[in-house]
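Q: Have a look at this fold, sequence not included:
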């Protein structure tokens, strides 16, 4: 009995140690602030980039990163302005963009998002077909308090205006991109990165390559050579970065859809390497290249 108990205890400790080892160590993450002009700022840490717009009586914030970074993010924001955060906009439901929601809503901020974000945060996300695990349900305090369905929603705080644009079925089914017209700042969420890498099409949670094309087409219309583009991940971008990314997603869609229409299976399309020339520039590795082809292919399972 004693040996059995010790063995069970050791197994429990091993599992606990493994779980702890799997938790990312963000203790050394620092928050970097970049002034975008006209009292608008980009914050970089771990997870999705954050945007802060300062009004006369409060702030608008885009995304919240991870919960364990909230205190450091709050300190970086206080260094910008002592005013309260009135509204937080979630660009999509993934935890590296929404993990801090509850910590900020406890302080009185109101999180606004497209309604599918509310649904997926409350219920938990599906496991993506090529990468990652299912996202567990958020706590009640981490769910947006205010939502909108589609089209464009305008919010204003102290003379600052944010335009919230829903693009259906892009990175997920609940994406919002944000434009601050007075600062000419565009926030893309994870519909785009500026690491010059393929971006995940989370088809299990409503993602679709065609929505990514629609979004980037819209950004090219709204932006100019002076636009500052705060992407989901990576350094600050500009219109030419959007144009290059737009060309890549259009090419990927055309080539993969052609093979699908010829009756080829997912495995056959992956084996055909339809994006081989693009992979040299956009793929981090072969697995990333194959995953992106699978994600584009699965986009077309949605009518």
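A: The structure has been received and is ready for your questions. Since this is a predicted model, take the numbers as computed values, not measurements.
Q: Tally up the residues packed near residue 193, please.
A: 22 (other C-beta atoms under 10 Å). (C-beta placed from N, C-alpha, C; glycine too.)
Q: Sorry, slip of the keys, the one I care about is residue 46.
A: Around residue 46 sit 16 other residues, with neighbours defined as other C-beta under 10 Å.
Q: I'd say it and residue 69 touch.
A: Yes: if you go by C-beta atoms under 8 Å, residue 46 and residue 69 touch, sitting 6.3 Å apart.
Q: anything in contact with each of those two?
A: Applying C-beta atoms under 8 Å, 6 or more residues apart in numbering, one finds that residue 46 and residue 69 are jointly contacted by 26, 29.
Q: so who does residue 79 touch?
A: Residue 79 makes contact with residue 33, according to C-beta under 8 Å, 6+ apart.
Q: Centre of the chain to the host helix or strand of it, how far?
A: Using DSSP states H and E, residue 79 maps to helix 70-80. With C-alpha atoms, centre = their mean, to the nearest Å as the basis, helix 70-80 stands 20 Å off its chain's centre.
Q: C-terminal to that helix, what's the next element?
A: With elements assigned by DSSP H and E, the helix or strand that comes after helix 70-80 is strand 85-89.
Q: Can you list the strands that that next one pairs with?
A: Sheet pairing for strand 85-89, assigned by DSSP bridges, gives strand 59-62 (parallel), strand 110-114 (parallel).
Q: For the lengthiest helix in the chain, buried residues please.
A: In terms of residue count, the longest helix belonging to the chain (DSSP state H) is helix 239-261. For helix 239-261, the neighbour count (16 or more other C-beta atoms under 10 Å) marks 239, 241-242, 245-246, 248-250, 252-253, 255-257, 259-260 as buried.
Q: mind checking pLDDT for residue 131?
A: Predicted confidence (pLDDT) for residue 131: 82.
Q: helices or strands next to the longest helix of the chain in the packing?
A: helix 209-222, strand 228-231, helix 266-272, helix 276-282, helix 286-299 (3 or more C-beta pairs under 8 Å, 6 or more residues apart in numbering; DSSP states H and E).
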